[in-house]
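1. Sharing a sequence plus its predicted fold:
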Amino acid sequence: MEQLIPIMNRMQDVFTQLGVSNNIDLPQIAVVGGQSAGKSSVLENFVGKDFLPRGSGIVTRRPLILQLINGPTEYGEFLHCKGQKFMDFLSIMKEIEDETDRVTGANKGISNLPINLRVYSPHVLNITLIDLPGLTKLAVGDQPTDIGDQIKDMIMTYICRETCLILAVTPANTDLATSDALQMAREADPEGHRTIGVLTKLDLMDEGTDAKDIMENKVIPLRRGYVAVVNRSQKDIVGKKDIKMANAAERKFFLSHPSYRHMADRCGTVFLQKQLNQQLTNHIRETLPSLRDKLQRQMLGLEKEVAQYKHFQPNDPSIKTKAMLQMIQHLQQDFERAIEGSGADGVNTMELSGGAKINRLFHERFPYEIVKMEIDEKVLRKEIAFAIRNIHGIRVGLFTPDMAFEAIVKTQIGRLREPSLKCIDLVVQELTNVVRAVTEKMQRYPRLREEAERIITTYIREKEQACKEQVMLLVDFQLAYMNTNHEDFIGFANASSDSQNAENTGKKLGKVTNQVIRKGYMAINNLGITARNKNYWFVLSSESLSWYKDGEEKEKKFMLPLEQLKLRDLESSFMSRGHMFAIYNPEGRNVFKDFKTLDLSCETQDDMDSWKASFLRAGVYPEKQTSEGTVGEGEEEGERRESVDPQLERQVETIRNLVDSYMKIVTTSCKDQVPKIIMFLMVNDAKAFINGELLAALYSTGDTQNMMEESADEALKREEMLRMYHACKEALNI
């Protein structure tokens with residue numbers, strides 16, 4: 001049993017010597033008290049020598065782990081001066097002062113880094129104590145203004161551990177209820193299971209008062225009770241009064257005092273030392289099984305990570321080559337998984353990314369951009385009228401000229417370039433994000449990560465250019481030849497004879513029933529201050545937009561028919577949140593109650609894009625953008641006067657229907673072909689490059705050895721992990 005404390009001492013040395021910030025708490029006793037409460041005197045009384053620095057203000061500025069070991073010879077040893085024996089206790093005092101100043105400087109600052117002192121003496125019992133800085137409230141001199149909070153935080157890091165006994169030192173000549181030491185002990189140990197109370201300065205209490213009730217555990221009860229001691233006075237310390245004589249005087253005080261005479265055997269430094277020895281031994285015995293389990297669990301957890309480091313030689317070329325091959329292999333697998341979506345390991349549950357994001361760009365964002373780029377109906381009809389009249393020239397046209405159709409269609413087809421190129425740019429951006437994400441695992445080798453990211457990104461940029469050229473070529477193909485024999489093209493005869501049918505072409509196709517297209521939460525931003533930014537549950541169908549209080553769809557707030565409605569983007573204001581768009585009636589009618597628009601907002605750009613694509617399917621098209629600007633009233637009047645010819649009106653309607661039919665064929669082809677071109681020339685090619693050529697490209701740089709240099713943080717992490725592993729292993733052997 002008496003070997004338990006030395007075992008803990010050896011384990012404490014192992015963790016301190018290896019410089020490990022161990023998260024396994026070893027059983028120990030922490031000494032807590034205010035400045036001048038007598039902490040240092042209590043510790044010196046245990047040893048029987050003056051060896052702790054003294055002075056005004058904060059003297060103890062670093063935790064002192066004091067290991068008292070019973071032995072035949074009297075000397076001290078510091079862990080930072082391994083092998084050096086300090087026979088003179090005044091030299092121990094000086095070494096503590098020097099070591100404190102070495103870390104904290106001479107400005108009375110504090111540090112969490114402990115000093116380990118081992119004292120061998122025939123007059124001590126085996127105890128390990130931690131002397132902590134005294135509690136203070138005000139900064140002195142050039143101390144930090146928050147010095148009190150710093151000391152409190154340091155003390156709490158020790159005494160909050162369940163394995164730490166708290167030695168709360170309090171002067172008996174002050175009110176116990178205001179004791180800083182007991183107050184902190186109560187915070188860390190509310191039940192009082194780990195706290196031992198020490199009363200000092202009983203000899204300085206006012207005449208007629210005593211601490212009998214406190215010592216009998218009647219005032220502020222502690223499970224482990226109180227022990228009273230009488231230390232040397234400041235006059236005795238200055239006069240170098242021998243501690244042995246002081247202990248004898250202390251014994252005489254308790255035996256002669258009428259209030260303490262009956263409990264003299266449970267008072268004094270000697271009893272306190274025995275009590276602490278016994279309490280610490282019992283405490284170690286109770287915590288040892290769980291301590292062993294914690295060490296074993298921690299070691300098992302470290303073994304897998306340490307396996308790759310055990311025989312690691314940072315400068316070994318073969319190890320560097322192997323590490324490089326493993327890193328590239330992981331990158332290949334992660335990139336494949338990000339694009340193809342295979343496997344559930346590390347799936348992003350917060351937002352769309354990789355292949356899923358690209359899929360959304362192809363099937364929601366790209367079609368929306370195509371519809372958004374369509375020209376305004378009035379401007380289109382005006383262009384058709386001018387084209388027909390200019391083709392007829394001075395003659396009066398009896399037939400609808402097919403050249404007008406070709407001229408207008410070519411203009412419309414040319415407009416497909418912008419959304420197609422924008423789609424490529426968005427895919428490149430997402431691929432770049434994927435590359436950045438999959439190379440994060442290479443952060444151990446920052447130069448390798450940087451080089452791999454540069455090579456892949458450069459390759460994607462090269463493929464981006466080829467992709468754009470191919471898409472431009474696709475548009476040129478469409479411009480080169482108008483296939484008016486296409487099976488889906490209505491033809492001149494149908495366009496002329498069935499105008500009503502042609503008017504409906506390209507609008508709400510396949511609308512048989514009021515089917516639900518999308519459900520989800522959005523906020524309405526123009527309902528006033530009280531309801532602003534409130535989320536509602538929206539249900540979009542092919543005919544209407546309804547919203548409810550919540551997803552249970554029991555309390556319907558409103559149902560809005562979608563007939564003749566349009567959609568436009570809005571700028572987010574400081575009063576709104578997220579990304580905004582509005583639904584409105586182009587004729588200026590109220591959409592909802594007294595509101596001309598219904599302003600909606602989504603939390604993310606992805607949500608807004610998906611909602612706009614869903615409105616597109618429901619036939620709610622975006623506001624048309626024209627480069628010419630808004631047609632003025634005077635121009636509209638002029639247009640009406642110029643277009644009074646019924647024959648010209650019929651020809652315009654015929655060409656309009658033909659353009660609408662043919663552009664539906666072209667846009668359908670474009671929406672199908674552009675994603676295929678992007679996949680073939682860029683996405684699949686990038687995967688093939690990473691799988692087949694990336695490694696060769698890295699080797700061709702001729703600087704692979706330098707690329708495999710570890711980052712300073714990673715080297716530090718490896719050394720810390722190895723130290724922790726060896727500390728746990730050695731502690732288990734002890």
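-> Happy to help now that I have it.
2. how distant is the biggest helix by length in the chain from the center of its chain?
-> If you go by DSSP state H, the chain has its longest helix at helix 269-307. Centroid separation for helix 269-307 versus its chain: 34 Å, with Cα atoms, centre = their mean, to the nearest Å.
3. buried stuff in that helix?
-> Buried positions in helix 269-307, judged by neighbour count with 16 or more other Cβ atoms under 10 Å: 269-273, 275-277, 279-281, 283-284, 287, 291, 294-295, 298-299, 302, 306. For every residue, glycine as well, the C-beta is placed using N, CA and C.
4. in stretch 113-120, what counts as buried?
-> 114-120.
5. check contacts around R61.
-> Neighbour list for R61: 100, 104, 108-111, 133 [criterion: Cβ atoms under 8 Å, 6 or more residues apart in numbering].
6. What are the phi and psi values at G619?
-> When read as degrees, to the nearest 10, the backbone of G619 gives phi 90, psi 10.
7. how many neighbours does it have?
-> Counted with other Cβ atoms under 10 Å, the neighbours of G619 add up to 16.
8. what's the closest of the contacts of R61 to Q332?
-> Nearest to Q332 among those: S111, at 47.7 Å, using Cβ to Cβ.
9. what about the closest residue to A211 other than its chain neighbours, distance to Y260?
-> Excluding the flanking residues, the one nearest A211 by Cβ to Cβ, 6 or more residues apart in numbering is A172, at 4.5 Å. Distance from A172 to Y260, counting by Cβ to Cβ, to the nearest Å: 11 Å.
10. got any residues that touch both of the two?
-> 202, 228.
11. Return the per-residue confidence for the closest residue to L125 other than its chain neighbours.
-> Once flanking residues are discounted, L125 sits nearest to N277: 4.2 Å by Cβ to Cβ, 6+ apart. If you check N277, the pLDDT there is 84.
12. Quick check: N277 touching T128?
-> No: judged on Cβ atoms under 8 Å, N277 makes no contact with T128 at a distance of 10.1 Å.
13. ok, the buried residues of stretch 113-120 vs P622, which is closest?
-> P114 (67.9 Å).
14. Ends of stretch 132-145, what's the gap?
-> 19 Å (Cα to Cα, to the nearest Å).
15. tell me the mean pLDDT over it?
-> Mean predicted confidence for stretch 132-145 is 75.
16. And stretch 165-177, by the same measure?
-> Rounded mean pLDDT across stretch 165-177 is 88.
17. what does stretch 192-207 give?
-> In the prediction, stretch 192-207 has an average pLDDT of 88.
18. partner residues bridging the residue lying closest to F615 once chain neighbours are set aside?
-> Computed as Cβ to Cβ, 6+ apart, the closest residue to F615 that is not its neighbour in sequence is L567, at 5.5 Å. L567 has these beta-bridge partners by DSSP bridges: I583, P622.
19. now the stretch 201-350 of the chain, which segments are flagged as low pLDDT?
-> Applying pLDDT under 70 to the stretch 201-350 of the chain flags residues 301-317, 342-350.
20. Same check on the stretch 351-500 of the chain?
-> If you take pLDDT under 70 as the line, the stretch 351-500 of the chain has these spans: 351, 373-379, 384, 388-389, 392-402, 491-500.
21. what are the ranges of the strands in it?
-> When assigned using DSSP state E, counting those that start in this stretch, the stretch 351-500 of the chain turns out to have no strands.
22. for it, what spans make up the helices?
-> 355-360, 366-372, 377-392, 402-414, 417-438, 446-480, 491-497, 499-503 (DSSP state H, counting those that start in this stretch).
23. for those helices, which one sits closest to S179?
-> S179 sits nearest to helix 446-480 of all those, at 53.1 Å, using Cβ to Cβ.
24. So which elements touch that closest one?
-> Packed against helix 446-480 by the contact rule (3 or more Cβ pairs under 8 Å, 6 or more residues apart in numbering; DSSP states H and E) you find helix 317-340, helix 402-414, helix 417-438, helix 646-678, helix 684-692, helix 694-699, helix 704-707.
25. Need those helices in CSV (columns: mean neighbour count).
-> As requested, these are arranged in CSV below (neighbours: other Cβ atoms under 10 Å):
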stretch, mean neighbour count
helix 317-340, 17
helix 402-414, 18
helix 417-438, 19
helix 646-678, 19
helix 684-692, 16
helix 694-699, 16
helix 704-707, 16
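26. out of these, nearest to S572?
-> helix 417-438 (20.5 Å).
27. Next, the angle helix 684-692 makes with that closest one.
-> 20 degrees (axes from the mean of the first three to the mean of the last three Cα atoms, to 10 degrees).
28. Helix 417-438: how far from the chain's middle?
-> On Cα atoms, centre = their mean, the centre of helix 417-438 falls 25 Å from that of its chain.
29. before we move on, back to that, in PyMOL, select just the buried ones from the contacts of R61.
-> In PyMOL, a selection of the buried entries from the contacts of R61 looks like this (16+ other Cβ under 10 Å):
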select buried, resi 100+108+109+110+111+133
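30. now, which of the contacts of R61 sits nearest I319?
-> S111 (37.8 Å).
31. Next, give phi and psi for that closest one.
-> Dihedral angles (degrees, to the nearest 10) for S111: phi -150, psi 150.
32. hang on, isn't it packed against T104?
-> Yes: contact criterion Cβ under 8 Å: S111 and T104 qualify, at 4.8 Å.
33. Can you show me the CA trace of stretch 421-439 as CSV?
-> Output in CSV follows, covering the C-alpha atoms of stretch 421-439 (Å, rounded to 0.1, in the frame of the first residue of the first chain):
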residue,chain,number,x,y,z
LEU,A,421,-21.0,29.1,-71.7
LYS,A,422,-22.3,30.1,-68.3
CYS,A,423,-23.2,26.5,-67.6
ILE,A,424,-19.6,25.5,-68.4
ASP,A,425,-18.2,28.2,-66.1
LEU,A,426,-20.4,27.0,-63.2
VAL,A,427,-19.3,23.3,-63.8
VAL,A,428,-15.6,24.4,-63.8
GLN,A,429,-16.2,26.3,-60.5
GLU,A,430,-17.7,23.2,-58.9
LEU,A,431,-14.9,20.9,-60.2
THR,A,432,-12.4,23.3,-58.7
ASN,A,433,-14.2,23.2,-55.4
VAL,A,434,-14.2,19.4,-55.5
VAL,A,435,-10.4,19.3,-56.2
ARG,A,436,-9.8,21.7,-53.3
ALA,A,437,-11.9,19.5,-51.0
VAL,A,438,-10.2,16.2,-52.0
THR,A,439,-6.7,17.6,-51.7
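34. show me where the stretch 1-150 of the chain has helices.
-> Taking DSSP H, counting those that start in this stretch as the criterion, the stretch 1-150 of the chain carries its helices at 4-17, 39-47, 89-104, 147-159.
35. Rebuild these as JSON lines, extending it with distance to D213.
-> Listed next are the helices of the stretch 1-150 of the chain as JSON lines, based on distance: least, Cβ to Cβ, whole Å:
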{"stretch": "helix 4-17", "distance to D213": "33"}
{"stretch": "helix 39-47", "distance to D213": "22"}
{"stretch": "helix 89-104", "distance to D213": "38"}
{"stretch": "helix 147-159", "distance to D213": "25"}
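36. To K410, which of those helices lies closest?
-> The nearest among these, by Cβ to Cβ, is helix 147-159 at 75.1 Å.
37. for the stretch 551-700 of the chain, what are the low-confidence residue spans?
-> Short version for the stretch 551-700 of the chain, where the test is pLDDT under 70: 573-577, 624-651.
38. Kindly recompute the last result at 80.
-> 571-578, 593, 606, 617, 623-657, 659 (pLDDT under 80).
39. Now K554: closest residue in space, sequence neighbours ignored.
-> K554 sits nearest to Y548 (Cβ to Cβ, 6+ apart), 7.1 Å away.
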